[in-house]
Each structure stands twice: as structure tokens, then as C-alpha cells.
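Participant: One predicted model, sequence on top.
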Amino acid sequence: MKEDFVMRGQTASGQTETLNFGGHKDGYGFLLIEFSLFPSTGIGSELPEMCGTITAGKTAVAPTDPNFNDEGLIGTALFEQENIARGGPTAYSVVNDTFVITQDLILMVQDPGVGSPINWQCRFRPVKLDTAKQALTNYRQFMIFDE
């Protein structure tokens, strides 16, 4: 298993999705290497402002109020389109690409203005784990989840 893979979808503003890692190959973990958002509304006719979070914790992290002290928060993304005359859209993302994922994640998106559904995409890279590293990674992620 050497190839990056993508999970993507469209989620209603204020809702969550579970990113399922339960069916993946034993002996592997995954790194989040990209998290991006894109509007589902007419670009140019509306001014979308969207944000999203990905957490390994038990509950979703509000995308409008992320806290980087939260150890379970491993990804945030922002997409905004200001006045068209001033230029194109702006997109930012911050991912913890050192956090090895072995369990399900929670993604939450929000469009505080329009409230439209939001397209999202995450890219993951598999990493081979020996038995001891896999046990330690599973334990660490469980402890974050169990807080």
C-alpha cells in the first residue's frame, strides 16, 4: 500500500461526517496531508465563507472556533470569497501531517453566512507500522478519543 488516497464528499453546513479507517489494511497508519474546502454555490453570485475541522477526538470541533491546543484537532481549513472586484478566492488549511491515524476521524464543516452545503476533500498517505508502533499509535489515538 504505497499510494495516497482521497476521501471527499459534500456535507450540510453545521453537520459532521465520519472518516472511516476501520476497514483499512492492518499494519498501516495514515497521515493527513491535505484538507480543502470548495463551495457548492454559484461562485461569483454569492460570497461564501466556509470552514472545516478534522478531529481524532470524541466530539466534533466547531470549525468557527478551533483551538490548536486541542491535541485531537489534526486539520482545519478555510475558504472565503470576498468581493469579486478585489480578486479571487482565498483558501487556507493547517494540517498536522505527523499525526498517525489508525481510528475513525470526525469532520465538521460550516458556512456561517449562506449555510450552503460544502464540498470537502482530504488526502491521506499510508505509512507502514510495525506491531509495537501500531499498538502505541492505537493507544495514543484512543487516549485522545477518551478525554
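Facilitator: Nice, I can see it.
Participant: partners of residue 17 in the sheet?
Facilitator: Residue 17 forms beta bridges with residue 107, as assigned by DSSP bridges.
Participant: surely it meets residue 105?
Facilitator: No: between residue 17 and residue 105 there is no contact under Cβ atoms under 8 Å: 9.0 Å. Every C-beta, even on glycine, is put in place using the N, C-alpha and C of the backbone.
Participant: which of the two has more neighbours?
Facilitator: A count of neighbours by other Cβ atoms under 10 Å puts residue 105 above the other of residue 17 and residue 105, at 26 against 20.
Participant: Not counting sequence-adjacent ones, nearest residue to the more buried one?
Facilitator: Nearest non-adjacent residue to residue 105, counting by Cβ to Cβ, 6 or more residues apart in numbering: residue 19, 4.2 Å away.
Participant: Can you pull the phi/psi pair for the one you found?
Facilitator: The phi/psi pair for residue 19 (degrees, to the nearest 10) reads phi -90, psi 110.
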